[in-house]
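Student: fold the following.
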Amino acid sequence: MNKITSLLLCAVFTLCLTAANLTAAPTQKTVDLGNAAHFAVLSYAGVTNAGDSVITGDLGTSPSTSVTGFPPGKVIGTIFTPTEVCTYGVCKSMKNDVAALGESSLLVAYLDAEGRTLDPVDVTGENLAGKTLTPGLYKSTSTLEIAGGDLTLSGNGVYIFQVTSGLTVSTAKVILKDGATAENVFWQVGSSATLGTYCVFEGNILAYSSVTIATGTTLNGRALALNGDVTLEDNDITKPNGPGF
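Tutor: Numbers count the residues shown, from 1 in each chain. Okay, the predicted model is just below:
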């Protein structure tokens with residue numbers, strides 16, 4: 001190999017590295033859930049359950065005091081309302097602010113996720129079924145859906161989905177691979193999130209209004225409603241484990 005060929009190869013290699021760096025998704029910082037982190041389900045306007053839902057993690061509501069459907073639903077954790085605390089089927093009437101503190105932290109986390117601006121990928125109005133996404137910031141200025149297929153999140157890092165309007169999931173799964181974890185996936189939803197029947201969903205839902213989860217759907221993550229209620233029906237919801245959670 002002569003000197004000129006070597007120089008050309010070095011130049012091409014340098015250009016390839018530069019292009020790769022330009023197209024690489026920037027690293028997103030996690031969204032700190034603060035006092036909302038120990039909740040699997042948290043709402044402003046109450047929690048309603050129909051069927052044999054199992055919640056692994058705490059459940060809370062504030063300022064509403066309404067929690068219905070437990071039993072037959074089961075909470076492997078503690079239920080917090082402003083006037084009652086329930087653990088292992090035993091309820092104690094007492095004033096507390098645990099759920100209120102969670103809601104305050106949820107507002108901070110919601111505004112943080114909503115305000116991220118580092119190189120967003122535009123997914124406005126798209127159906128994400130059939131796609132494979134890597135860590136980063138994804139933004140829809142209207143609605144977002146996952147319908148009729150699988151969304152794969154591939155790679156270790158933070159995923160933030162900013163949805164200005166509603167999130168709808170139907171006949172779909174979210175699949176994590178290559179180091180992706182539920183505690184690092186955040187769905188900031190500007191109105192309501194609706195998960196249809198028999199879906200598999202991953203990540204933390206931070207909804208401005210309500211969260212509705214239909215029959216048979218499992219959530220490895222959190223259902224957190226800032227101004228509305230959470231409605232469940234025969235669901236398994238498991239709070240993710242991770243640093244600080």
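
Student: the spatially closest residue to residue 112 that is not a sequence neighbour and residue 193: what is the separation?
Tutor: The spatial neighbour of residue 112 that comes closest, neighbours along the chain excluded (CB to CB, 6 or more residues apart in numbering), is residue 31 at 5.5 Å. In short, each C-beta sits where N, CA and C put it, glycine included. Distance from residue 31 to residue 193, counting by CB to CB, to the nearest Å: 16 Å.

Student: between those two, tell me which one has more neighbours.
Tutor: residue 193 (29 against 21; other CB atoms under 10 Å).

Student: so how far is residue 215 from that one?
Tutor: 16 Å.

Student: ditto for residue 233
Tutor: In this view, residue 233 and residue 215 are 5 Å apart by CB to CB.

Student: now for residue 226: which residues touch it?
Tutor: When contacts are counted by CB atoms under 8 Å, 6 or more residues apart in numbering, residue 226 touches 44, 103, 106-107, 110, 206-209.

Student: dump those to a markdown table, plus neighbour count, pLDDT and secondary structure.
Tutor: Output for these, formatted as a markdown table (neighbours: other CB atoms under 10 Å; pLDDT from 0 to 100; DSSP: H, G, I helix; E, B strand; the rest coil):
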| residue | neighbour count | pLDDT | secondary structure |
| --- | --- | --- | --- |
| 44 | 22 | 98 | coil |
| 103 | 23 | 98 | helix |
| 106 | 25 | 98 | helix |
| 107 | 16 | 98 | helix |
| 110 | 23 | 98 | helix |
| 206 | 31 | 98 | strand |
| 207 | 28 | 98 | strand |
| 208 | 21 | 98 | coil |
| 209 | 17 | 98 | coil |
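
Student: tell me the one of these nearest residue 154?
Tutor: Nearest to residue 154, judged by CB to CB, of those is residue 206 at 22.4 Å.

Student: many thanks, we can stop here.
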